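A.B. asks: quick one, fold the following:
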Amino acid sequence: MVLAYQTLDRDELMQVVQERVTAGPSEFWVVVPATPVGDLAPSLPAIPVMGGVPVIQASPEEARRMAQTKLDAALEQLKTLGAPVGGEVGEADPMRAAKRAMESRQFDEIIVSTLPAHLSRWLHEDLPRRLERKFHLPVTHVAAVQD
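C.D. replies: You can find the predicted model right below:
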């Protein structure tokens, strides 16, 4: 299982997937939590507005739509690496999204791709270690390098 959102298209994740493909037969199931838009790390520095920082509001449906768009693009990119790949948009909470995927599939490993440590909410929540304890599978953490 690959659990990612904002870093799905990053070279660091693609390299780990390519390593798995090179090592032998591999299949990948990508889970993209439908993270609320306001919880996403900004891709541009926030510009103060009238003494505050603008808050991005979007409906849960918009969050799912954005996650699906990200998933679709990632699946196309991952297919070029030569392994069977599929995926789903999961619940906003990454632990619940992973649990849901585990209910219908078996995995040998969880690959968690995050933003750099100082930006990653998932790392602040200790997600890789929590996944390992909960599912008793090896967890590979891939941190994106900040541009």
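A.B. asks: where along the protein do the helices fall?
C.D. replies: For the chain, applying DSSP state H gives helices covering 11-23, 60-79, 94-104, 121-124, 127-135.
A.B. asks: closest one to residue 35 among those?
C.D. replies: Shortest separation from residue 35 across those is recorded for helix 60-79, at 6.4 Å, computed as Cβ to Cβ. For every residue, glycine as well, the C-beta is placed using N, CA and C.
A.B. asks: could you check the angle helix 11-23 makes with that closest one?
C.D. replies: 50 degrees (axes from the mean of the first three to the mean of the last three Cα atoms, to 10 degrees).
A.B. asks: helices or strands next to helix 60-79 in the packing?
C.D. replies: helix 11-23, strand 28-33, strand 85-90 (3 or more Cβ pairs under 8 Å, 6 or more residues apart in numbering; DSSP states H and E).
A.B. asks: who touches it?
C.D. replies: Helix 60-79 is contacted by residues 4-6, 8-9, 14, 17, 28, 30, 32-37, 58, 85-89, 92 when judged by Cβ atoms under 8 Å, 6 or more residues apart in numbering.
A.B. asks: got the angle for it vs strand 28-33?
C.D. replies: Computed by the same axes, to 10 degrees, the angle between helix 60-79 and strand 28-33 is 160 degrees.
A.B. asks: tell me where the model's unsure across the chain.
C.D. replies: 37-58, 147 (pLDDT under 70).
A.B. asks: for the helices of the chain, give me JSON lines that also has mean neighbour count and distance to residue 114.
C.D. replies: Formatted as JSON lines, the helices of the chain follow (neighbours: other Cβ atoms under 10 Å; distance: least, Cβ to Cβ, whole Å):
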{"stretch": "helix 11-23", "mean neighbour count": "15", "distance to residue 114": "10"}
{"stretch": "helix 60-79", "mean neighbour count": "16", "distance to residue 114": "15"}
{"stretch": "helix 94-104", "mean neighbour count": "17", "distance to residue 114": "10"}
{"stretch": "helix 121-124", "mean neighbour count": "17", "distance to residue 114": "5"}
{"stretch": "helix 127-135", "mean neighbour count": "17", "distance to residue 114": "7"}
